[in-house]
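J.: Need a 3D model of the sequence below.
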Amino acid sequence: MSSRHLPTNRTPRAQDASGADVYFERTQIGIYAKVAAIDAATRVEVTVMGPASANPRTLEQAALRKLNARLRRDR
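T.: Model prediction:
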């Protein structure tokens, strides 16, 4: 079974808890979407997955929450 990878998009749309820019990368793989949140200052990256039909902003918000939790944990 092969999966079809579609183009990814990177956009700085938010700031993390410390005020650093956060980049989001969305990749669609079949019926799933993977959203990565990357902190520009620390280069820490986290990912979340959900249905491709989900609102992209919803997945970005989930990724941002996960990134902020990771950054708090790693202090």
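
J.: Break down this structure into its helices, ranges please.
T.: Under the criterion DSSP state H, the chain contains helices at 56-73.

J.: okay, and the helix or strand of it with the least pLDDT?
T.: The element with the least model confidence among the helices and strands of the chain, by mean pLDDT, DSSP states H and E, is strand 9-15, at a mean of 64.

J.: Name the spans of this protein whose pLDDT lies under the cut-off.
T.: Low-confidence segments of the chain, defined by pLDDT under 70, are located at 1-13.

J.: Name the residue closest to the centre of it, please.
T.: Centroid check for the chain by Cα atoms, centre = their mean gives residue 36 as the closest residue, at 2.6 Å.

J.: contacting residues for it?
T.: Neighbour list for residue 36: 24-27, 45-47, 63 [criterion: Cβ atoms under 8 Å, 6 or more residues apart in numbering]. (Glycine included, C-beta is placed from N, CA and C.)

J.: Strands - which of those residues land there?
T.: Applying DSSP state E to the contacts of residue 36, the entries found in strands are 24-27, 45-47.

J.: What residues are bridge-paired with residue 51?
T.: When assigned by DSSP bridges, residue 51 has beta-bridge partners residue 32.

J.: Pretty sure residue 33 is one of the things it touches, is it not?
T.: Yes. Between residue 51 and residue 33 there is a contact at 6.9 Å, judged by Cβ atoms under 8 Å.

J.: more neighbours, these two?
T.: A count of neighbours by other Cβ atoms under 10 Å puts residue 33 above the other of residue 51 and residue 33, at 19 against 9.

J.: could you check the distance from that one over to residue 17?
T.: Remark: distance between residue 33 and residue 17 (Cβ to Cβ, to the nearest Å) = 24 Å.

J.: Residue 46 now?
T.: Here the distance between residue 46 and residue 17 works out to 13 Å (Cβ to Cβ).

J.: cool, residue 58 as well?
T.: With distances defined as Cβ to Cβ, the gap from residue 58 to residue 17 amounts to 19 Å.
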